[in-house]
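[1] Give me a model of this one.
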Amino acid sequence: MRDSASAPHLQGTLLDWYDRNARDLPWRTSPAQRTQGVRPDPYHVWLSEIMLQQTTVAAVKPYFERFLALWPTVSDLARAEDSAVMGEWAGLGYYARARNLLKCARAVTDNHDGVFPDTYDQLLELPGIGPYTAAAIASIAFDRPEPVMDGNVERVMSRLHAVETPLPASKPILQSHTAELTPHLRPGDYAQAVMDLGATICTPRNPACGICPWRTPCKARIAGNAADLPRKTPKKAKPVRQGTIFVAAREDGAWLVERRPDSGLLGGMMGWPGSDWQEHPTDATPPATAAWADVGEVRHTFTHFHLRLRVMAARLPANCAPQRGDFMEPDRFRPSDLPTVMRKAFDLARHVY
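    Take a look at the predicted model:
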């Protein structure tokens, strides 16, 4: 009898499970397609991996499909206007990813003739691609035996090996286990299989251990503490920053907006003029002289802090010459192009108009 905890047995058992249960995702080549010689499109793999960072599969699907409809190839994306890409990205959050998306597309187009390099080291040299993304593309798109470890894989490895050390200190241990189990045969399918296992069965709460293909060798299941792993070092409470934002439309319906600086939070995105966001805010200077009305507060949470913004709204005269921002004609203004916190402010203030 084969050792159920041996690497070959674990790999084979999981791949058999994946062949029957792989999620149907728009960027994925299914196991059945692979057996017919269909290879994953590196552009699709890269685009999905960038979008999926800090975001759910359900949220990413419509964005991915819309991006492909607008820019079918990496060279098409490289030629796109920055503002168009940033507008389509609005709502996904973590906007530095969108800026790096364009930089990477242009590097692949200009330096690699529109063809993604196929090795981990070459991929790592591209803008916006870190160790995880390089490993994922090399593995999934090119079947390189690179260990791929996202949050789902961390959880599966923590439980399979009953790793009690809390995250993030346990990452090197989990990376070692991930590398030990990464096969040379079908490494791309294997990487996606572990991620699917974590997403559908070995879930953060109430893992479905009874139907898991790795239930027999899983040390956490045997110990009865699978739901308690991985352990995590408690996070510090996020600080609260505050500020004021000014939402205004001219009499002809044009909106007073400004493009945020390329560097920093929401870099390159369209938004409303306002104050800096600080823990101890100072008085905010309106971008134009008007009868500003306080319409309430919006709240939003970023990675490192909570934000509370006081929203001021006004109707501006036709001859208004603002001290900040530029007017955008109503036929060019799309609320969907706004980042989430700016759209919240718009939704709160729009009744004024």
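[2] Test for you: state the pLDDT assigned to the most centrally placed residue in the chain.
    With distances taken as CA atoms, centre = their mean, the chain has residue 53 as the residue nearest its mean C-alpha position (3.0 Å). According to the per-residue confidence, residue 53 scores 91 in pLDDT.
[3] Just the terminal-to-terminal distance for stretch 191-209.
    Here the two ends of stretch 191-209 are set 20 Å apart, with distance taken as CA to CA, to the nearest Å.
[4] any chance you could map the helices in this structure?
    7-21, 31-35, 42-52, 57-70, 74-78, 82-89, 96-111, 120-124, 131-142, 151-160, 171-181, 187-200, 219-223, 340-349 (DSSP state H).
[5] do you know which of those lies nearest residue 245?
    Shortest separation from residue 245 across these is recorded for helix 340-349, at 5.1 Å, computed as CB to CB. C-betas here are computed from N, CA, C, even on glycine.
[6] And that closest one, what's buried?
    By neighbour count, and taking 16 or more other CB atoms under 10 Å as the criterion, the buried residues in helix 340-349 are 341, 342, 343, 344, 345, 346, 348, 349.
[7] Not counting sequence-adjacent ones, nearest residue to residue 206?
    Here the nearest residue to residue 206 in space, its sequence neighbours aside, is residue 227; by CB to CB, 6 or more residues apart in numbering that works out to 6.7 Å.
[8] got a pLDDT number for the one you found?
    At residue 227, the model reports a pLDDT of 96.
[9] isn't it right next to residue 207, touching?
    Yes: the pair residue 227 / residue 207 is scored as a contact, 6.1 Å apart, by CB atoms under 8 Å.
[10] So for these two, which residue has more residues nearby?
    Taking residue 227 and residue 207 together and counting by other CB atoms under 10 Å, residue 207 has the greater number of neighbours (23 against 14).
[11] Help me confirm that the more buried one comes into contact with residue 201.
    Yes: Residue 207 lies in contact with residue 201 (CB under 8 Å); the separation is 6.6 Å.
[12] related to what we said a few turns ago, any chance of the helices of the chain in CSV, with distance to residue 231 too?
    Shown next, in CSV, are the helices of the chain (distance: least, CB to CB, whole Å):
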stretch, distance to residue 231
helix 7-21, 23
helix 31-35, 34
helix 42-52, 24
helix 57-70, 25
helix 74-78, 40
helix 82-89, 34
helix 96-111, 29
helix 120-124, 30
helix 131-142, 21
helix 151-160, 8
helix 171-181, 12
helix 187-200, 16
helix 219-223, 11
helix 340-349, 31
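[13] which stretch among those comes nearest residue 333?
    Nearest to residue 333 among those is helix 340-349 (9.6 Å), distances taken as CB to CB.
[14] what's the closest one in contact with?
    Defining contact as CB atoms under 8 Å, 6 or more residues apart in numbering, one finds that helix 340-349 is touched by 90-91, 93, 245, 247, 266, 269-272, 295-296, 298, 300, 307, 309, 311, 313, 335-336, 338.
[15] Just the buried ones from those residues?
    The neighbour-count test (16+ other CB under 10 Å) marks 90, 93, 245, 247, 266, 269-272, 295, 298, 300, 307, 309, 311, 313, 338 as buried among these.
[16] out of the residues you listed, which are inside strands?
    Applying DSSP state E to these, the entries found in strands are 245, 247, 270, 271, 295, 298, 300, 307, 309, 311, 313.
[17] Quick check: bridge partners of the third one?
    In this case it means residue 270. For residue 270, the beta-bridge partners are residue 259 (DSSP bridges).
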